[in-house]
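Novice: this is a predicted model, with the sequence first.
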Amino acid sequence: MRTAQLTIDPAFAIGPADRRLFGSFVEHMGRCVYGGIYEPGHPSADSRGLRGDVLELTRELGVSVVRYPGGNFVSGYRWEDGVGPVGDRPRRLDLAWKTIETNAFGLDEFMTWAAEAGVEPMMAVNLGTRGVQEALDLLEYANHPGGTHLSDLRRKHGAEDPYGVKLWCLGNEMDGPWQVGHKTADEYGRLAAEAARAMKMIDPSISLIACGSSNRRMPTFASWEATVLEHTYEHVDYISAHTYYDPSDGDRASILASAVDMDNFITEVVATADHVAAKQRHKRKLKISFDEWNVWYESRLQADLDRRGWVEAPALIEDDFTAVDAVVVGDLLITLLRHADRVGVAAQAQLANVIAPIRTRNGGPAWRQSIFHPFALTARYARGTVLRTEPVSPRYDTKKYGDVPVLDTVAVHDEETGELTVFAVNRGEEDLPLDLDLRGLPGLSGLSFLSLAAGSDPSAMNTEAEPDRVTPREMPTPTPDGGRCTVRLPAVSWSVLRFGPANA
Ligand code: AHR
């Protein structure tokens, strides 16, 4: 049997495990808002229509930041349609998802929901069909204390205090020809720079995110980032990255190695940003906002859209995730943590129903998809300083990414509690014995070992009828002896191993 080795040392610090890495995304798309987080009349909903069961699961998921209101939706959105008396709000065509938008839920409802969920709001402005003025108007409405037309309008609508939104996305996926108001890198770069400059005049405390590429396969990838940043570097704080991995072709070996692609993507965006910084003599290093990532059976989307006419809140891309998908999601989180020095914000897309960890039925229950579990446990236990790990691992061959390691890991050390957490993915089809060397952190004993294993039932899913079929299982707690122990990582699994001071 093949084995792997991992040595952990607190000297190899990458950076703090920022809470903002555990973000999510609520788009006006499908049933993410309507029937997801918001459903007036649902048995668990409050007087404002916020579903209590979804709020509870959102808190359990450990989400830190939530991006809103899109996504592709934002590129045709008029934010002012969604504020004020609900009865006066217009019904509109949403071109992104061929949907009727009722505007019953808008900015003020989202802010109320975010406060209830205990999450930080992250807003996107429309730079598709709109421009600098509308972005400024939205910022004034949201963040200006009062005494102006738009800030007083917010107060009139019941929000006396400014929302103080700190994170702002300058549009969405503007490199994509599918985007309403799609632009060239120069057109977008100029617009984003001007929007950014003016937005910071209203509120210098905000952080701004310029649109990077929609994915690494875009023909314009890297040159898009370079051009956009040449226009915007001095005005923005982050460049975005998006990626989705589609398991539809059944190539399990490759989908399990998706994190290799995400890793390369991050490295390349960092290199491109640093190239612009060098060229323009900037000392400040730009960070990445990885504000859309997930597994997505994307090839099913077009059929979903073609099947129907204009309707309200249709079920759209409600993928049921398998145990293998959960392992992939766990590995993508490992990758984001490993780049904690350069990825400052990340948001899994999306939160409810639409390729989401939380699923609901209208009028019915809400349940946790398989991918809920690695997210929730990583958000809970990745506290402290992320440590670089260099596992010695067997390798295997994949069609998409060539020869890749079977094992992927990252460790997080909490200096305050002395706890060490190791996240590990075994991409291989056999159990993998892992020799752990923890002598760099003397006196640790094992606290727990949880594993979500897909080897024996890879296509298992959680459904309304069977909501807990895929969950992490407790494994024998490791017992380090002289700082060393061996654990057995199940075939195709995501695991979290926790250690704490022996005398605590
Ligand atoms: O999350 C679904 C969609 O994927 C988003 O609206 C868009 O930004 C991306 O292409």
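Specialist: Arrived safely. Residues are numbered from 1 along each chain as shown.
Novice: shouldn't V404 be within a strand?
Specialist: Yes: secondary structure of V404, determined by DSSP: H, G, I helix; E, B strand; the rest coil: located in a strand.
Novice: which non-adjacent residue is nearest it?
Specialist: A257 (4.5 Å; Cβ to Cβ, 6 or more residues apart in numbering). To be clear about C-beta, it is placed using only N, CA and C from the backbone, and glycine gets the same treatment.
Novice: cool, S213 as well?
Specialist: Using Cβ to Cβ, 6+ apart and skipping the chain neighbours, the partner closest in space to S213 is F221 (4.5 Å).
Novice: my read: that neighbour touches A241, true?
Specialist: No: counting by Cβ atoms under 8 Å, no contact exists between F221 and A241, whose distance comes to 9.9 Å.
Novice: now list whatever residues contact both of the two.
Specialist: With contacts defined as Cβ atoms under 8 Å, 6 or more residues apart in numbering, the residues shared by F221 and A241 are S213.
Novice: and the two? Which one has more around it.
Specialist: Using other Cβ atoms under 10 Å as the criterion, F221 and A241 rank with A241 on top: 27 against 19.
Novice: name the helices or strands packed onto the host helix or strand of the more buried one?
Specialist: Secondary structure here is read from DSSP states H and E; on that basis A241 sits in strand 238-245. Contact partners of strand 238-245 among helices and strands, from 3 or more Cβ pairs under 8 Å, 6 or more residues apart in numbering; DSSP states H and E: strand 207-210, helix 223-232, helix 258-280, strand 287-295, strand 343-349.
Novice: for the closest residue to D152 other than its chain neighbours, grab phi and psi.
Specialist: Counting by Cβ to Cβ, 6+ apart, the nearest residue to D152 once its immediate chain neighbours are dropped is G146, at 5.9 Å. Backbone torsions of G146, given as degrees, to the nearest 10, read phi 160, psi 180.
Novice: equivalent analysis for L93, please.
Specialist: Dihedral angles for L93 - degrees, to the nearest 10 - are phi -80, psi 130.
Novice: enumerate every residue touching the residue nearest to D152.
Specialist: Contacts for G146 were tallied using Cβ under 8 Å, 6+ apart; they are 152, 155, 162.
Novice: picking up where we left off before, nearest to R395 among the helices and strands packed on strand 238-245 would be which one?
Specialist: Proximity of those to R395 was assessed by Cβ to Cβ; the nearest stretch is helix 258-280, lying at 11.2 Å.
Novice: mind checking what secondary structure the closest residue to F22 other than its chain neighbours has?
Specialist: Once its chain neighbours are removed from consideration, F22 has its nearest residue in A379; the separation is 4.1 Å (Cβ to Cβ, 6+ apart). Taking three-state DSSP as the rule, one finds A379 in the helix state.
Novice: residues from the stretch 201-350 of the chain in reach of the ligand?
Specialist: Taking Cβ under 6 Å from any ligand atom as the measure of proximity, the stretch 201-350 of the chain contacts the ligand at 214, 292, 349-350.
Novice: how near is the closest residue to E39 other than its chain neighbours to the ligand?
Specialist: When the adjacent residues along the chain are set aside, E39 lies closest to R51, with 5.2 Å between them (Cβ to Cβ, 6+ apart). Per Cβ to the nearest ligand atom, to the nearest Å, R51 is found 20 Å from the ligand.
Novice: so what's R51 bridging to?
Specialist: Listed beta-bridge partners, R51: A45 (assigned using DSSP bridges).
Novice: my guess is G76 contacts G128. True?
Specialist: Yes: A contact is recorded between G76 and G128 when judged using Cβ under 8 Å, the distance being 6.2 Å.
Novice: could you pull up the contacting residues of the single nearest residue of the chain relative to the ligand?
Specialist: Using Cβ to the nearest ligand atom, the point where the chain gets nearest to the ligand is G71, with a distance of 2.9 Å. For G71, the contact set (Cβ under 8 Å, 6+ apart) comprises 25, 27-29, 96, 124, 172, 292, 349-350.
Novice: what about the closest residue to A222 other than its chain neighbours, how many residues nearby?
Specialist: For A222, the nearest residue in space outside its immediate sequence neighbours is T272; the separation is 5.3 Å by Cβ to Cβ, 6+ apart. Summarising burial for T272: neighbours were counted as other Cβ under 10 Å, giving 22.
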